[in-house]
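**Q** got a structure for you, letters missing:
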């Protein structure tokens, strides 16, 4: 049932046949009475010394529903608590009224009344207002562009900190640069290996092709004569890993694997060039190797964290829960790198990473406002996924999505009173 213009009920059907079982967000209840308020929004102007007022029509007023619901029976207290939880939950929901049809509403408030002498019965009075849609004009902020700008600044800050920390070692410049380059290449080879462990062959080929130019440039590291060239190449490789033609989830998985394995890989490669001696005396070469190992580890991890942020701006954000998961997965690694940079007095990296963190969080927050919310929905009766998709989304083609979520024994039959997580529309 709808109150929109053009609605034509069947004149041949009895009015009782058009009554519906009342519920809110799938939680059923009985009704004693319901009030429906509607109207127009008017601005009335009354001027001194004038007999006639002037009014302007500002559009339709929001529909409001005042409902007296009740639950009854030996388990009335459980049904009461379910309904109260649904009414108190965040966001809009589907209100099915007995006489006024189905509407998307937000709950304004409510109250419960019980009489001790009667028992088995609870009366719940609540008020709901039409949810509508946010179609007002607003200012659009290029949050993705800000993330990209902050990423460039973070790369520059990380490179500056790297160059301040590394030790070229008098007489050992070439050996140190080559060793650092080999360690970096080993990490990114590990990333390519992680990509190749899953996905169709065509996807692997596309990924390899996308990285081929970067890998070729990286192989030229061994001809580099400065850590500046090496550091720039490392950051370029991290950005290339973040931009391969793979899914967002796959790229995040690989980047996290590279970050996790990076320290061991760096230690193994640099250890071959500058091996530790059995004696307790620490040689100058070992001091240089340890310094460069730490500096390279910081640079690679920071480059990977920046890459993770660049991947997130491509995420479709299918639900509010996905926004929360992506934000949390980003915060852990970048907060760790900010803490390391701060403890090491790496001011350039520290400041740039903090600004990058802020840019990514703002982007997720603003784009996440448009993401559908997920909420608990209790199926009121045995129902098919096709009917449930039509009821929830007005789109029967989304029945397959519900089947994947619910995994019922048969798509034509979902048991009643089953609580599921669904997208709100």
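**A** Ah, there it is. All of these numbers come straight from a predicted model, not from anything done at the bench.

**Q** Test for you: state the pLDDT assigned to residue 46.
**A** At residue 46, the pLDDT value in this model is 85.

**Q** Tell me the spacing between the nearest residue to it once chain neighbours are set aside and residue 290.
**A** Using Cβ to Cβ, 6 or more residues apart in numbering and skipping residues adjacent in sequence, the residue nearest residue 46 is residue 53, 4.6 Å away. Heads up, the C-betas are built off the backbone N, CA and C, glycines and all. As defined by Cβ to Cβ, to the nearest Å, residue 53 lies at a distance of 85 Å from residue 290.

**Q** Would you list the phi and psi of the residue nearest to residue 46?
**A** Phi and psi for residue 53, reported as degrees, to the nearest 10, are phi -80, psi 170.

**Q** dump the residue contacts of it.
**A** Applying Cβ atoms under 8 Å, 6 or more residues apart in numbering to residue 53 gives the contacts 44, 45, 46, 47.

**Q** Narrow the residues you listed to those in strands?
**A** Secondary structure assignment by DSSP state E places 44, 45 of these in strands.

**Q** Format the contacts of residue 53 as a markdown table; extra columns: distance to residue 89 and neighbour count.
**A** Below are the contacts of residue 53 laid out as a markdown table (distance: Cβ to Cβ, whole Å; neighbours: other Cβ atoms under 10 Å):
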| residue | distance to residue 89 | neighbour count |
| --- | --- | --- |
| 44 | 37 | 8 |
| 45 | 41 | 9 |
| 46 | 43 | 10 |
| 47 | 47 | 9 |
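
**Q** wait, which of the contacts of residue 53 is closest to residue 70?
**A** residue 44 (39.2 Å; Cβ to Cβ).

**Q** Show me what whichever strand or helix holds residue 329 is packed up against.
**A** Residue 329 belongs to helix 320-343 when elements are defined using DSSP states H and E. Secondary-structure packing of helix 320-343 (3 or more Cβ pairs under 8 Å, 6 or more residues apart in numbering; DSSP states H and E): helix 248-273, helix 284-312, helix 347-368.

**Q** Could you dump the ones you listed into a markdown table and include distance to residue 164, mean neighbour count and mean pLDDT?
**A** What follows is the helices and strands packed on helix 320-343, written out as a markdown table (distance: least, Cβ to Cβ, whole Å; neighbours: other Cβ atoms under 10 Å; pLDDT from 0 to 100):
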| stretch | distance to residue 164 | mean neighbour count | mean pLDDT |
| --- | --- | --- | --- |
| helix 248-273 | 18 | 18 | 68 |
| helix 284-312 | 9 | 23 | 81 |
| helix 347-368 | 8 | 20 | 91 |
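
**Q** Residue 94 is nearest to which of these?
**A** Using Cβ to Cβ, the helices and strands packed on helix 320-343 put helix 347-368 closest to residue 94, at 22.7 Å.

**Q** That closest one vs helix 284-312, what angle?
**A** Helix 347-368 and helix 284-312 meet at an angle of 20 degrees, taking axes from the mean of the first three to the mean of the last three Cα atoms, to 10 degrees as the criterion.

**Q** Which elements pack onto helix 347-368?
**A** Using 3+ Cβ pairs under 8 Å, 6+ apart, the elements in contact with helix 347-368 are helix 143-165, helix 284-312, helix 320-343.

**Q** okay if I get those helices as TSV plus distance to residue 127?
**A** Formatted as TSV, those follow (distance: least, Cβ to Cβ, whole Å):
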stretch	distance to residue 127
helix 143-165	37
helix 284-312	40
helix 320-343	25
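
**Q** And the strands in the stretch 51-200 of the chain?
**A** 54-60, 64-72, 93-97, 101-113, 121-130 (DSSP state E, counting those that start in this stretch).

**Q** Ranking the ones you listed by mean neighbour count, which comes first?
**A** strand 93-97 (a mean of 22; mean count of other Cβ atoms under 10 Å).

**Q** In the sheet, which strands lie alongside that one, parallel or antiparallel?
**A** Take DSSP bridges as the rule and strand 93-97 pairs in its sheet with strand 23-24 (antiparallel), strand 101-113 (antiparallel).
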